[in-house]
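Enquirer: Model the structure of this input:
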Amino acid sequence: MIRVDSDPGTDGRAELVTEIDGLVRAYHPAPVVIILEDRAATGAALSAVLLVHRTCTALGVLLSVVTSSAPARRVLEANADSAGTHLIIHARADTAVTTAALAALV
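Expert: Presented below is the predicted three-dimensional model:
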C-alpha cells in the first residue's frame, strides 16, 4: 500500500512515478494499492497514477487506487488504459485492501 499525502506538483510528478514504479517492481507480482489523500488528488498525482497503471499493465500487476474525491475518480476512470489490466478505483481504503488481498490469493 502506497499513501500519497500531498500534491507532488508538476515538478514532483516524475519523482513520484519513479518511487511508485520501484515499489511495484520490487513487490511484483503482488497487487498494488495507492491511496490518494484529499490534498493529493490533483492533476499531477492523477497523471502519476495513470503512468504507473501503464507499468502495472505491462507487468500484469493489479493496481487499485483509493480517493474520496469523486471528480478524481471520474478522471481516473475516463483516462485509464483499457487495453490491459483494469484499474480498480475505490472510495474507501478498507475495500481496496480487501480486494487486493483477495486478488493476491487467486
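Enquirer: Only C-alpha atoms from now on, for both contacts and neighbour counts.
Expert: Noted.
Enquirer: For the protein, which helix extends over the most residues?
Expert: Across the chain, the longest stretch assigned as helix under DSSP state H is helix 9-27.
Enquirer: Could you list the low-pLDDT ranges of the chain?
Expert: Residue ranges of the chain with pLDDT under 70: none are present.
Enquirer: and with 80 instead?
Expert: When residues are selected by pLDDT under 80, those of the chain lie in 84, 106.
Enquirer: So which residues of the protein form strands?
Expert: For the chain, the strands defined by DSSP state E cover 2-4, 32-36, 63-66, 87-90.
Enquirer: Same list (these) but as CSV, adding mean neighbour count and distance to V75.
Expert: Shown next, in CSV, are those (neighbours: other C-alpha atoms under 10 Å; distance: least, C-alpha to C-alpha, whole Å):
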stretch, mean neighbour count, distance to V75
strand 2-4, 15, 17
strand 32-36, 23, 13
strand 63-66, 25, 12
strand 87-90, 20, 11
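Enquirer: For those strands, give me CSV that also has distance to A44.
Expert: Below are those laid out as CSV (distance: least, C-alpha to C-alpha, whole Å):
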stretch, distance to A44
strand 2-4, 11
strand 32-36, 11
strand 63-66, 15
strand 87-90, 17
